[in-house]
Every structure is written in structure tokens, then in C-alpha cells.
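> Dropping a prediction and its sequence here:
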Amino acid sequence: RVVAMFAHDAAPYFKAGYVFGAPCVGNEAAPTELSDELGLALARLRQTLLILAKTLVPGLQPSIWAALADQIDFTLLQQVLVVHRFSTQGALQFDLDCKFLFALWRPHTSVPENYFKRLKEGRTLLLLPPAVLQQVLTTPTKETCLTLGLSKLSPADCVAICRRMVPSAGPDGKMIQVSDQPPQ
């Protein structure tokens, strides 16, 4: 029920493609606030985790936190990472939103990111330089993924995420496009 409630509350976030595809305007700073569309879902999830922490037998808590995180991790992979297009600014916003999510697990584990391995790896992919994204697209093998430290995402998921990146301007102002076509 906890994951179903989270998914219900996060539905606006799942549908908010404009958040992730927003172009960077000039030297726009990295985002510093949680996406509005995710606020309610994280607030209710926080309340639920606090209630569970008070009511569950302490010995059961680690397995419950891990199971909940794994299901939320998978939900965000399926509803956001492999669905929406990401600009550089959108990738930074998603990265920040994940940090807010991870913070909810901090009272229960010292390294919450380890509970969200697919999101951790998805964030890594989104923040890679276009040339490295291109490498994943042209050589989508398990070995390529492992070289980048991606062991939880399948090569197909890696390719799906890489294809979701939208062109952005490089330091010289020219557009950088990630393409699934091999270089000529």
C-alpha cells in the first residue's frame, strides 16, 4: 500500500515531462528546490516511514526499508527515467529530486543511495557527457555498462535512458545531439 500511495501522490510528477525537458537558459544555475509535483508524495512518504519506524519491530525494519525502496526505485525508473525526455537542466532537477527522496531513508540507513540502485545509475547516465552517452548507444553491451559502473540497469534500460536526452548547447554554443546512429 505504501508504494501504491506514493505512486498515486507522485502521478503529477510522472506526467510532468516539461520539468525534465526544460531547456537551460543561458548560464542558468542548477536547481536548488524539490519539484513542486513531487512535494506531496515525499511529504506523505516521510510521514508513513515515521509511522512505520515507530510501529515495526526493529529487527524487521531493514528488510522493510529495502523492499519499499526497491519498489519505489523501480516505479521511478518505469514512470520517469525511461519515459521522459531530459535536458541537461531536467537531468539536474531529477538528480536533486532523487537526493530529496534519498534523504527520507537517511534515518534508517547510512547510505540510502544503495537502496535505490537503479535511480543511482540512471542519474549517473543522465549526467554523463554526450560522448559517453553516445558510446552506450553505439555499444550497448553489459561490458560497456559495467565499465561505467552500471551493474543494476540492463543495457536496454541504459539505451532507453540515453535516447531520452535532448540536445543541449556545448561550451562553444553549438548544439550537442545524442544519436542512436553510429558515428560516420
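Nice, thanks for sending it over.
> OK, contacts around the residue nearest the centre of the chain?
For the chain, Leu119 is the residue whose C-alpha lies nearest the centre (C-alpha atoms, centre = their mean; 4.2 Å). Contact analysis of Leu119 by C-beta atoms under 8 Å, 6 or more residues apart in numbering lists 73, 76-77, 81, 98, 101. Where C-beta positions appear, they are placed from N, C-alpha and C, glycine not excepted.
> Please repeat the previous calculation with a cut-off of 6 Å.
Listed by C-beta atoms under 6 Å, 6 or more residues apart in numbering, the contact set of Leu119 reads 73, 76, 98.
> export those to JSON lines and tack on secondary structure and neighbour count?
What follows is those, written out as JSON lines (DSSP: H, G, I helix; E, B strand; the rest coil; neighbours: other C-beta atoms under 10 Å):
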{"residue": "Asp73", "secondary structure": "helix", "neighbour count": "21"}
{"residue": "Leu76", "secondary structure": "helix", "neighbour count": "25"}
{"residue": "Cys98", "secondary structure": "helix", "neighbour count": "22"}
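> ok, so of those, who is nearest Leu150?
Minimum distance to Leu150 across those is 14.2 Å, recorded for Asp73 (C-beta to C-beta).
> hmm, back to that, pretty sure the residue nearest to the centre of the chain belongs to a strand, no?
No. According to DSSP: H, G, I helix; E, B strand; the rest coil, Leu119 belongs to no strand; its state is helix.
> Show me where this protein has its strands.
Assignment of strands within the chain using DSSP state E yields the ranges 168-169, 175-176.
> and those strands, which one's lowest on average pLDDT?
Among the strands of the chain, strand 175-176 has the lowest mean pLDDT, at a mean of 46.
> possible to save the contacts of Leu119 as TSV with pLDDT?
Below are the contacts of Leu119 laid out as TSV (pLDDT from 0 to 100):
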residue	pLDDT
Asp73	97
Leu76	96
Cys98	96
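> which parts of stretch 90-105 are buried?
Buried residues in stretch 90-105, counted by 16 or more other C-beta atoms under 10 Å: 90-98, 101-102, 104-105.
> for this structure, longest helix please?
Longest helix of the chain, by residue count under DSSP state H: helix 36-55.
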